[in-house]
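*Asks:* okay, here's the prediction I keep looking at, along with the sequence it came from:
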Amino acid sequence: MKGIILTGGTGSRLMPLTKVINKNLLPLGNVPMIYHPIELLKSAGITEIMLVTGTEHIGPLVAALGSGAELGCDFTYKVQDKPNGIAAALKLCRKFIGENTKFAVILGDNIFLDDLSDEIREFESDVNDCKLFLKAVNDPERFGVAKLDVNDNIEEIIEKPKDPPTNFAVTGLYLYDSKFVFDIIDSLVPSFRGEYEISDVNCKFAKQKKCSSYKLKSDWIDAGTFESYHKANKLILGS
(Lines give C-alpha, C1' and ligand atoms only; values in the text may rest on other atoms or scores of the structure.)
Protein backbone atom coordinates (compact mmCIF):
# COMPACT_ATOMS: atom_id res chain seq x y z
CA MET A 1 0.00 0.00 0.00
CA LYS A 2 0.96 3.61 -0.56
CA GLY A 3 0.11 6.53 1.66
CA ILE A 4 -0.96 10.15 1.30
CA ILE A 5 -0.54 12.84 3.96
CA LEU A 6 -2.46 16.06 3.42
CA THR A 7 -0.62 19.05 4.88
CA GLY A 8 -2.34 22.04 3.29
CA GLY A 9 -4.55 24.69 4.81
CA THR A 10 -3.73 28.11 6.18
CA GLY A 11 -3.68 27.11 9.85
CA SER A 12 -5.81 30.16 10.61
CA ARG A 13 -7.05 28.73 13.92
CA LEU A 14 -3.46 28.55 15.18
CA MET A 15 -2.43 32.07 14.24
CA PRO A 16 0.02 33.68 14.96
CA LEU A 17 1.99 30.42 15.35
CA THR A 18 1.25 29.59 11.73
CA LYS A 19 1.99 33.02 10.30
CA VAL A 20 5.30 31.82 8.84
CA ILE A 21 5.19 28.03 9.41
CA ASN A 22 2.95 25.21 8.27
CA LYS A 23 0.98 23.92 11.25
CA ASN A 24 2.15 20.39 10.47
CA LEU A 25 5.72 21.48 11.24
CA LEU A 26 4.84 22.84 14.69
CA PRO A 27 6.38 20.82 17.54
CA LEU A 28 4.26 18.04 18.97
CA GLY A 29 6.13 16.32 21.74
CA ASN A 30 9.79 16.42 20.72
CA VAL A 31 9.24 16.20 16.94
CA PRO A 32 7.32 18.12 14.26
CA MET A 33 3.62 17.28 14.22
CA ILE A 34 3.84 15.60 10.82
CA TYR A 35 6.15 12.91 12.19
CA HIS A 36 3.17 11.35 13.97
CA PRO A 37 1.08 10.55 10.85
CA ILE A 38 4.29 9.42 9.13
CA GLU A 39 4.97 6.96 11.95
CA LEU A 40 1.37 5.74 11.84
CA LEU A 41 1.74 4.85 8.17
CA LYS A 42 5.17 3.31 8.73
CA SER A 43 3.76 1.08 11.49
CA ALA A 44 1.53 -0.50 8.82
CA GLY A 45 4.45 -1.00 6.45
CA ILE A 46 3.66 2.05 4.31
CA THR A 47 6.84 3.91 3.41
CA GLU A 48 6.05 5.21 -0.08
CA ILE A 49 4.22 8.43 0.77
CA MET A 50 3.00 11.47 -1.14
CA LEU A 51 2.71 14.73 0.80
CA VAL A 52 0.27 17.31 -0.56
CA THR A 53 0.61 20.94 0.50
CA GLY A 54 -0.06 24.48 -0.67
CA THR A 55 2.27 26.68 -2.69
CA GLU A 56 3.35 28.69 0.34
CA HIS A 57 4.45 25.64 2.35
CA ILE A 58 6.20 23.37 -0.15
CA GLY A 59 9.67 24.84 0.48
CA PRO A 60 9.69 24.50 4.30
CA LEU A 61 8.12 21.02 4.06
CA VAL A 62 10.80 19.73 1.70
CA ALA A 63 13.50 21.39 3.79
CA ALA A 64 12.20 19.68 6.94
CA LEU A 65 11.58 16.20 5.50
CA GLY A 66 13.77 15.88 2.42
CA SER A 67 13.57 12.62 0.51
CA GLY A 68 12.30 10.75 3.56
CA ALA A 69 15.44 8.62 3.75
CA GLU A 70 16.23 9.71 7.33
CA LEU A 71 12.80 8.46 8.39
CA GLY A 72 13.00 5.24 6.39
CA CYS A 73 10.53 6.51 3.79
CA ASP A 74 10.37 7.55 0.15
CA PHE A 75 8.57 10.90 -0.10
CA THR A 76 6.98 12.45 -3.16
CA TYR A 77 5.60 16.00 -3.01
CA LYS A 78 2.59 17.51 -4.74
CA VAL A 79 1.43 21.12 -4.71
CA GLN A 80 -2.27 21.94 -4.41
CA ASP A 81 -2.51 25.37 -6.05
CA LYS A 82 -5.65 26.42 -4.21
CA PRO A 83 -7.38 25.12 -1.06
CA ASN A 84 -10.39 23.58 -2.81
CA GLY A 85 -10.93 20.55 -0.62
CA ILE A 86 -9.56 17.22 0.52
CA ALA A 87 -11.13 15.33 -2.39
CA ALA A 88 -9.48 17.75 -4.82
CA ALA A 89 -6.14 17.11 -3.12
CA LEU A 90 -6.61 13.35 -3.54
CA LYS A 91 -7.33 13.78 -7.23
CA LEU A 92 -3.81 15.16 -7.62
CA CYS A 93 -2.44 11.84 -6.35
CA ARG A 94 -4.10 9.58 -8.90
CA LYS A 95 -1.00 8.83 -10.94
CA PHE A 96 1.09 8.28 -7.80
CA ILE A 97 -1.38 5.75 -6.38
CA GLY A 98 -1.99 3.85 -9.61
CA GLU A 99 -4.82 1.58 -10.69
CA ASN A 100 -6.56 -1.20 -8.80
CA THR A 101 -4.74 -0.78 -5.51
CA LYS A 102 -5.63 0.19 -1.98
CA PHE A 103 -4.11 3.12 -0.15
CA ALA A 104 -4.25 5.18 3.04
CA VAL A 105 -4.93 8.89 3.47
CA ILE A 106 -4.32 10.82 6.67
CA LEU A 107 -4.65 14.48 7.58
CA GLY A 108 -1.35 15.85 8.81
CA ASP A 109 -2.84 17.41 11.96
CA ASN A 110 -4.75 14.30 13.09
CA ILE A 111 -3.12 12.42 15.97
CA PHE A 112 -4.07 8.81 16.74
CA LEU A 113 -2.89 7.03 19.88
CA ASP A 114 -4.26 3.61 18.85
CA ASP A 115 -1.98 1.09 17.16
CA LEU A 116 -3.79 0.87 13.82
CA SER A 117 -1.19 -1.14 11.92
CA ASP A 118 -3.25 -4.34 11.73
CA GLU A 119 -6.42 -2.48 10.78
CA ILE A 120 -4.65 -0.78 7.89
CA ARG A 121 -2.93 -3.95 6.65
CA GLU A 122 -6.16 -5.94 6.79
CA PHE A 123 -7.82 -3.48 4.43
CA GLU A 124 -5.81 -4.94 1.56
CA SER A 125 -8.05 -8.03 1.70
CA ASP A 126 -11.24 -6.20 2.77
CA VAL A 127 -14.23 -6.72 0.48
CA ASN A 128 -15.21 -3.10 1.09
CA ASP A 129 -13.83 -0.25 -0.98
CA CYS A 130 -13.60 2.27 1.85
CA LYS A 131 -12.74 2.08 5.54
CA LEU A 132 -13.20 4.89 8.03
CA PHE A 133 -11.99 5.27 11.59
CA LEU A 134 -14.54 6.45 14.12
CA LYS A 135 -14.23 7.94 17.58
CA ALA A 136 -16.95 8.28 20.22
CA VAL A 137 -17.18 11.96 21.15
CA ASN A 138 -19.20 14.04 23.58
CA ASP A 139 -20.19 16.62 20.96
CA PRO A 140 -21.03 14.68 17.78
CA GLU A 141 -23.03 17.61 16.40
CA ARG A 142 -19.66 19.28 15.58
CA PHE A 143 -18.55 16.47 13.25
CA GLY A 144 -19.51 14.22 10.42
CA VAL A 145 -21.36 11.42 12.25
CA ALA A 146 -21.67 7.81 11.14
CA LYS A 147 -24.91 5.86 11.15
CA LEU A 148 -24.02 2.17 11.51
CA ASP A 149 -25.69 -1.15 10.81
CA VAL A 150 -25.47 -4.17 13.13
CA ASN A 151 -22.10 -5.17 11.61
CA ASP A 152 -20.63 -1.67 12.10
CA ASN A 153 -20.70 -0.99 8.39
CA ILE A 154 -21.47 2.65 7.71
CA GLU A 155 -24.90 3.25 6.23
CA GLU A 156 -24.78 7.03 6.14
CA ILE A 157 -22.63 9.98 7.19
CA ILE A 158 -24.44 13.07 8.42
CA GLU A 159 -22.54 16.35 8.60
CA LYS A 160 -22.98 18.26 11.88
CA PRO A 161 -26.40 16.74 12.66
CA LYS A 162 -28.77 18.47 15.09
CA ASP A 163 -30.00 15.03 16.19
CA PRO A 164 -27.01 12.64 15.80
CA PRO A 165 -27.91 8.96 15.14
CA THR A 166 -24.74 7.92 17.03
CA ASN A 167 -21.89 9.68 18.85
CA PHE A 168 -19.25 8.31 16.45
CA ALA A 169 -17.35 11.04 14.62
CA VAL A 170 -15.51 10.34 11.37
CA THR A 171 -11.79 11.04 11.90
CA GLY A 172 -9.11 12.12 9.43
CA LEU A 173 -7.83 8.66 8.43
CA TYR A 174 -9.32 7.09 5.31
CA LEU A 175 -8.59 3.86 3.44
CA TYR A 176 -9.69 3.53 -0.19
CA ASP A 177 -9.62 1.29 -3.24
CA SER A 178 -8.25 3.33 -6.15
CA LYS A 179 -10.40 1.34 -8.55
CA PHE A 180 -13.45 3.28 -7.36
CA VAL A 181 -12.52 6.34 -5.34
CA PHE A 182 -11.14 8.46 -8.17
CA ASP A 183 -14.23 7.86 -10.31
CA ILE A 184 -16.33 9.11 -7.39
CA ILE A 185 -14.11 12.17 -7.00
CA ASP A 186 -14.48 12.90 -10.73
CA SER A 187 -18.26 12.96 -10.29
CA LEU A 188 -18.29 15.51 -7.46
CA VAL A 189 -19.46 19.10 -7.66
CA PRO A 190 -18.18 21.80 -5.28
CA SER A 191 -20.05 22.35 -2.04
CA PHE A 192 -21.40 25.72 -0.89
CA ARG A 193 -17.87 26.37 0.43
CA GLY A 194 -16.46 25.98 -3.07
CA GLU A 195 -14.65 22.78 -2.05
CA TYR A 196 -14.72 19.17 -3.19
CA GLU A 197 -15.68 17.51 0.07
CA ILE A 198 -14.25 14.19 1.28
CA SER A 199 -17.50 13.63 3.17
CA ASP A 200 -19.31 13.44 -0.18
CA VAL A 201 -16.89 10.71 -1.28
CA ASN A 202 -17.41 8.74 1.92
CA CYS A 203 -21.18 9.15 1.74
CA LYS A 204 -21.24 7.61 -1.74
CA PHE A 205 -19.36 4.55 -0.50
CA ALA A 206 -21.74 4.31 2.46
CA LYS A 207 -24.82 4.44 0.24
CA GLN A 208 -23.30 1.69 -1.93
CA LYS A 209 -22.81 -0.37 1.27
CA LYS A 210 -19.08 -0.52 0.58
CA CYS A 211 -17.85 1.31 3.68
CA SER A 212 -16.57 -0.51 6.78
CA SER A 213 -15.44 1.09 10.02
CA TYR A 214 -13.18 0.72 13.03
CA LYS A 215 -13.96 2.29 16.40
CA LEU A 216 -10.93 3.88 18.01
CA LYS A 217 -10.25 2.88 21.60
CA SER A 218 -7.66 5.50 22.54
CA ASP A 219 -7.47 9.24 22.02
CA TRP A 220 -7.83 10.96 18.66
CA ILE A 221 -7.08 14.64 18.29
CA ASP A 222 -7.51 17.04 15.41
CA ALA A 223 -4.71 19.36 16.53
CA GLY A 224 -5.87 22.36 14.52
CA THR A 225 -6.89 24.64 17.40
CA PHE A 226 -4.96 25.95 20.39
CA GLU A 227 -7.03 23.83 22.78
CA SER A 228 -6.56 20.60 20.84
CA TYR A 229 -2.91 21.37 20.05
CA HIS A 230 -2.08 21.81 23.75
CA LYS A 231 -4.08 18.68 24.61
CA ALA A 232 -2.13 16.68 22.03
CA ASN A 233 1.17 17.88 23.48
CA LYS A 234 0.11 16.87 26.98
CA LEU A 235 -0.92 13.41 25.81
CA ILE A 236 2.24 12.85 23.76
CA LEU A 237 4.50 14.06 26.57
CA GLY A 238 2.54 12.13 29.21
CA SER A 239 1.92 15.21 31.38
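*Replies:* It's in.
*Asks:* if the residue most central in space within the chain is in a bridge, with which residues?
*Replies:* The centroid of the chain falls nearest to residue 106 when counting by CA atoms, centre = their mean (2.7 Å). For residue 106, the beta-bridge partners under DSSP bridges are residue 5, residue 173.
*Asks:* then residue 110?
*Replies:* For residue 110, the beta-bridge assignment (DSSP bridges) gives partners residue 222.
*Asks:* any idea how far residue 83 is from it?
*Replies:* According to CB to CB, to the nearest Å, residue 110 and residue 83 sit 17 Å apart. No exception for glycine: its C-beta is placed from N, CA and C like everyone else's.
*Asks:* returning to what we had before: got the contact list for the residue nearest to the centre of the chain?
*Replies:* Residues near residue 106 by CB atoms under 8 Å, 6 or more residues apart in numbering: 3-6, 37, 40-41, 172-174.
*Asks:* neighbour count and distance to residue 55 added to those residues, as CSV?
*Replies:* Below are the contacts of residue 106 laid out as CSV (neighbours: other CB atoms under 10 Å; distance: CB to CB, whole Å):
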residue, neighbour count, distance to residue 55
3, 25, 22
4, 25, 18
5, 24, 17
6, 26, 15
37, 27, 21
40, 24, 26
41, 25, 24
172, 21, 22
173, 24, 26
174, 24, 24
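*Asks:* which one of these sits closest to residue 121?
*Replies:* Residue 121 lies nearest to residue 41 out of the contacts of residue 106, by CB to CB, at 11.3 Å.
*Asks:* from residue 227, how far out is the closest one?
*Replies:* As judged by CB to CB, residue 41 and residue 227 stand 26 Å apart.
*Asks:* related to what we said a few turns ago, out of residue 110 and residue 83, which sits in the busier spot?
*Replies:* Ranked by neighbour count (other CB atoms under 10 Å), residue 110 and residue 83 place residue 110 first, with 22 against 15.
*Asks:* tell me where this protein has helices.
*Replies:* Along the chain, the segments classed as helices by DSSP state H run 35-43, 58-65, 86-91, 94-97, 117-122, 178-186, 198-207, 226-237.
*Asks:* how about JSON lines for those helices, with mean pLDDT and distance to residue 133 added?
*Replies:* Listed next are these as JSON lines, based on pLDDT from 0 to 100; distance: least, CB to CB, whole Å:
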{"stretch": "helix 35-43", "mean pLDDT": "97", "distance to residue 133": "11"}
{"stretch": "helix 58-65", "mean pLDDT": "93", "distance to residue 133": "24"}
{"stretch": "helix 86-91", "mean pLDDT": "95", "distance to residue 133": "15"}
{"stretch": "helix 94-97", "mean pLDDT": "96", "distance to residue 133": "19"}
{"stretch": "helix 117-122", "mean pLDDT": "96", "distance to residue 133": "8"}
{"stretch": "helix 178-186", "mean pLDDT": "95", "distance to residue 133": "16"}
{"stretch": "helix 198-207", "mean pLDDT": "92", "distance to residue 133": "11"}
{"stretch": "helix 226-237", "mean pLDDT": "88", "distance to residue 133": "17"}
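*Asks:* many thanks, we can stop here.
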